[in-house]
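Visitor: sequence and predicted model, in that order:
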Amino acid sequence: MSVPFYVSPEQVIKDKADYARKGIARGRSVIVLQYDGGLMFVAENPSRALHKISEIYDRIAFAAVGKYNEFENLRVAGVRLADLRGYSYDRRDVTGRSLANAYAQTLGTIFTEAQKPYEVELVVAEVGATANDDQIYRLTFDGSVADEHGYIAMGGSADALAAGMSKGWVEGLSFEAALRLAVDQLAAAPAGGNGNAKVEPRTLTPGQLEVAVLERSREGRKFRRISGQRLAELFGVVDDSDASAGDPL
């Protein structure tokens, strides 16, 4: 009689974590940061159809890196949960903290019980009445959640981006200064999630970027996308945002 093959629980968890990290590291990076008017989301994303940054509810947004089909499933579930809670109770009862907790439970369950973990990393951000009321939550593939302040960098070049952001970010950055800082950091990072490679800084154009903000002073829904000619004017380049591409997210 053959002896059943045994793998320790510690080794299973380690293998799952390594698998998820490798998948996330292949994705292009996303930066989320505070500026004087709210919260800004900047991603290197050449696709015009597949978004890495999306609105969840009135003052809440979602950003992700990793496998698109997996984080899109999570985004849709978050929208449904927010709509149900807002309809059943009150729109003010839908908070970034409650959504982050729901995502943490879902990711934690998938990581421990499913054979393959989700290869995703998420940010759930809520803009408040003041900068001190802003909430930024970072969620990893295993359901871990962290309350961040100031800025977050995710994706294959996250460590290099975080180091660059720590040198350039200060409280009260203007819209233009915050956007320029985030784009400059993305341009200096390796493309395609190769975080260990050394490359010359690139020039990123509107067609290669996805930019959105949660605007504190905006009436009603706070989420707004920035694209096309507006980005081209800020960077002093030609608007190429109609160009299509199929690079991985």
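Guide: Arrived safely.
Visitor: packing partners of the lowest-mean-pLDDT helix or strand in the chain?
Guide: Among the helices and strands of the chain, helix 229-235 carries the lowest confidence by mean pLDDT, DSSP states H and E, at a mean of 80. Secondary-structure packing of helix 229-235 (3 or more C-beta pairs under 8 Å, 6 or more residues apart in numbering; DSSP states H and E): helix 175-188. Bear in mind the C-beta positions are built from the backbone N, C-alpha and C, glycine included.
Visitor: need the three-state assignment for the spatially most central residue of the chain.
Guide: Centroid-nearest residue in the chain, with C-alpha atoms, centre = their mean: A63, separated by 2.9 Å. Following DSSP: H, G, I helix; E, B strand; the rest coil, the label given to A63 is strand.
Visitor: so it bridges to which residues?
Guide: Counting by DSSP bridges, A63 forms beta bridges with I53, V123.
Visitor: now do the least confident helix or strand of the chain: distance to the chain's middle.
Guide: With C-alpha atoms, centre = their mean, to the nearest Å as the basis, helix 229-235 stands 22 Å off its chain's centre.
Visitor: buried sites along it?
Guide: Within helix 229-235, the residues scored as buried using 16 or more other C-beta atoms under 10 Å are L231, A232, L234, F235.
Visitor: identify the farthest-apart pair in the residues you listed.
Guide: With C-beta to C-beta as the measure, no two of the buried residues of helix 229-235 lie farther apart than A232 and L234, at 7.3 Å.
Visitor: still on that earlier bit, okay if I get the buried residues of helix 229-235 as a markdown table plus distance to F141?
Guide: Shown next, in a markdown table, are the buried residues of helix 229-235 (distance: C-beta to C-beta, whole Å):
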| residue | distance to F141 |
| --- | --- |
| L231 | 31 |
| A232 | 36 |
| L234 | 34 |
| F235 | 33 |
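Visitor: alright, calling it a day.
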